[in-house]
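1. generate coordinates for the sequence data below:
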Amino acid sequence: MEPKFLGIDGQYHTAGSFLGTDGKYHPKGSFLGRDGNYHPKGSFLGSDSRYHRAGEFIGHDGRYHPQGQFVGCDGQYHPRGSYTGTDGRYHEAGAYLGTDGRYHPVGSFLGTDGRYHARGSFLGVDGRYHLPAAFLGVDGKYHQPGSFLGVHGQYVDSESWLAEEHRNHGGLLA
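-> Coordinates of the predicted model:
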């Protein structure tokens, strides 16, 4: 565990963080750019007058792209390891063609319901697939880790997790 210190804002910050001229704490190595904002170490001011991460480059389209991207036969930039599938589209490294004729993310699997689900999902007692680390609450429904039973007898869940859980119920790419 990294050492932390108590800042003048009353919150703990990672050792090496510093208080910027904007009154906020920034990670070690950050610097104040000409635009008045703090940027990560290694960032640079591009020809488009914006700051970019170390390793980004200007492509033939005049835009900056992350290091390791390449131009596919479609003329677009794609992440390293991407490949052209039988559908003629580029897919992330490790994606695979499922029995449904669609490409699915690395680690996803075909469930007993005939749909593909996210890596680590499990079949719950309710007969549906749920995201990893979900737990069965006293209300008989599955909830995200860290959820708790509120004062009104209902679990308090994060909306983003609920949206992901809803997507998982429908199967990936459904």
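2. quick check, Glu56 in contact with Arg63.
-> No: using CB atoms under 8 Å as the test, Glu56 is too far from Arg63 to be in contact (9.6 Å). From N, CA and C alone the C-beta is placed, and that goes for glycine too.
3. pick out whichever of the two has more residues nearby.
-> Between Glu56 and Arg63, Glu56 has the larger neighbour count (other CB atoms under 10 Å), namely 17 against 12.
4. quick one: contacts for the residue nearest to the more buried one when sequence neighbours are not counted?
-> Once flanking residues are discounted, Glu56 sits nearest to Tyr64: 4.6 Å by CB to CB, 6 or more residues apart in numbering. Tyr64 is in contact with 46, 48, 50, 52, 56-58, counting by CB atoms under 8 Å, 6 or more residues apart in numbering.
5. which among those count as buried?
-> Among the contacts of Tyr64, those classed as buried by 16 or more other CB atoms under 10 Å are 52, 56.
6. and the two most separated of the contacts of Tyr64?
-> In terms of CB to CB, the contacts of Tyr64 reach their longest pairwise distance at Arg50 and Phe57, which sit 14.0 Å apart.
7. what is the neighbour count of the closest residue to Arg119 other than its chain neighbours?
-> Spatial nearest neighbour of Arg119, excluding adjacent residues (CB to CB, 6+ apart): Gly107 at 3.0 Å. As a burial measure, Gly107 scores 13 neighbours (other CB under 10 Å).
8. same deal with Ser108?
-> Ser108 has 22 neighbours, counted by other CB under 10 Å.
9. CSV please, covering the contacts of Tyr64 and showing secondary structure, pLDDT and distance to Arg119.
-> As requested, the contacts of Tyr64 are exported to CSV (DSSP: H, G, I helix; E, B strand; the rest coil; pLDDT from 0 to 100; distance: CB to CB, whole Å):
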residue, secondary structure, pLDDT, distance to Arg119
Gly46, coil, 94, 36
Asp48, coil, 92, 37
Arg50, coil, 94, 35
His52, strand, 95, 31
Glu56, coil, 94, 29
Phe57, strand, 94, 31
Ile58, strand, 94, 35
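10. could you list the low-pLDDT ranges of the chain?
-> For the chain, the stretches with pLDDT under 70 are 158-165, 168, 171-174.
11. all helices for it, in order.
-> 159-169 (DSSP state H).
12. sorry, back to before: what's opposite the residue nearest to Glu56 in the beta bridge?
-> Ile58 (DSSP bridges).
13. same check on His13?
-> Applying DSSP bridges to His13 gives these bridge partners: Phe5.
14. and it, how far is that from His78?
-> 37 Å (CB to CB, to the nearest Å).
15. and if you look at Gly20?
-> Per CB to CB, Gly20 is found 36 Å from His78.
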